[in-house]
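*Asks:* Build me a model:
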Amino acid sequence: MAVGGLLRGLVSPAGGAAAWLPCHELFASWHHWLPSLPRLRLPASDGFKLLFVLLLFSAALAEVRYIASSSMAPTLRPGDRAVAEKVTYLFRRPSIGDIVFFKVPSAVQNYGVNKDVVFIKRVLATPGDFIEVRQGQLIVNGIALKEHYTATHALYTMEAMRLPEGHVFVMGDNRNNSCDSRAWGPLPIANIVGRYMTSFTRSSFQ
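*Replies:* Residues are numbered from 1 along each chain as shown. As a prediction, this is how the structure comes out:
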């Protein structure tokens, strides 16, 4: 399937679009998104998370991103605000299972998406790993992963490939509604800008 038909999973800055937009509207409107954050009404547990996040912000070590699509459902849903921290990958490489924020690769930029636009996906294979999809199951190095976080099994197959050095394979948890490495290939690790830490739901922003 062409990349243009799979361009879902865009993450706009906090306060951006209210829902995933079709590609032609997405390309025309990405530059209108604003980094403003609506007034918070947080329950106690979210209040503690917010305090911790604000401490990270004070050192420019984290940022809030608005989830604009359902590509990471059920883990993250449209309208959620997700916190990206920028410290972990100063000390280690991304690991399988990590949820990462990254600037779109060149293959997506070729469809008119600005290079500074950020996606969010889950890392499912790292350099040197073999990855494939058979009968709806994701298989890494010959072993089917037990994925409790996916919305449903994949309705497609993908031939086995080996990840090159300096790249990871990322996919949305909503496997059948995500623009990810299946469409545009392995992601350069250098494109990753942060690791998902926590999130706030839409109900916290009423």
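
*Asks:* for the chain, what spans make up the strands?
*Replies:* 10-13, 62-67, 81-85, 99-103, 118-125, 130-134, 137-140, 143-144, 158-162, 167-171, 187-188, 192-200 (DSSP state E).

*Asks:* Could you identify which of these is most buried?
*Replies:* Comparing those by mean neighbour count (mean count of other CB atoms under 10 Å), strand 167-171 ranks first with a mean of 26. Any C-beta I mention is one placed from the backbone N, CA and C, and that applies to glycine too.

*Asks:* Could I get the CA-only coordinates of that strand as PDB?
*Replies:* C-alpha atoms of strand 167-171 as PDB (Å, rounded to 0.1, in the frame of the first residue of the first chain):
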ATOM      1  CA  HIS A 167      17.600   1.900  12.600                       C
ATOM      2  CA  VAL A 168      14.500   0.500  14.400                       C
ATOM      3  CA  PHE A 169      11.200  -0.800  13.200                       C
ATOM      4  CA  VAL A 170       8.200   1.100  14.600                       C
ATOM      5  CA  MET A 171       4.500   0.300  14.300                       C
END
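
*Asks:* on that earlier part again, can I get the strands of the chain in JSON lines including mean pLDDT and distance to Ser178?
*Replies:* Below are the strands of the chain laid out as JSON lines (pLDDT from 0 to 100; distance: least, CB to CB, whole Å):
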{"stretch": "strand 10-13", "mean pLDDT": "45", "distance to Ser178": "11"}
{"stretch": "strand 62-67", "mean pLDDT": "88", "distance to Ser178": "13"}
{"stretch": "strand 81-85", "mean pLDDT": "91", "distance to Ser178": "15"}
{"stretch": "strand 99-103", "mean pLDDT": "96", "distance to Ser178": "13"}
{"stretch": "strand 118-125", "mean pLDDT": "97", "distance to Ser178": "7"}
{"stretch": "strand 130-134", "mean pLDDT": "97", "distance to Ser178": "13"}
{"stretch": "strand 137-140", "mean pLDDT": "96", "distance to Ser178": "13"}
{"stretch": "strand 143-144", "mean pLDDT": "96", "distance to Ser178": "19"}
{"stretch": "strand 158-162", "mean pLDDT": "96", "distance to Ser178": "13"}
{"stretch": "strand 167-171", "mean pLDDT": "98", "distance to Ser178": "6"}
{"stretch": "strand 187-188", "mean pLDDT": "97", "distance to Ser178": "13"}
{"stretch": "strand 192-200", "mean pLDDT": "93", "distance to Ser178": "15"}
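
*Asks:* Dump these to JSON lines, plus distance to Ala73.
*Replies:* Putting these into JSON lines (distance: least, CB to CB, whole Å) gives the following:
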{"stretch": "strand 10-13", "distance to Ala73": "13"}
{"stretch": "strand 62-67", "distance to Ala73": "9"}
{"stretch": "strand 81-85", "distance to Ala73": "13"}
{"stretch": "strand 99-103", "distance to Ala73": "13"}
{"stretch": "strand 118-125", "distance to Ala73": "12"}
{"stretch": "strand 130-134", "distance to Ala73": "19"}
{"stretch": "strand 137-140", "distance to Ala73": "17"}
{"stretch": "strand 143-144", "distance to Ala73": "22"}
{"stretch": "strand 158-162", "distance to Ala73": "21"}
{"stretch": "strand 167-171", "distance to Ala73": "13"}
{"stretch": "strand 187-188", "distance to Ala73": "20"}
{"stretch": "strand 192-200", "distance to Ala73": "12"}
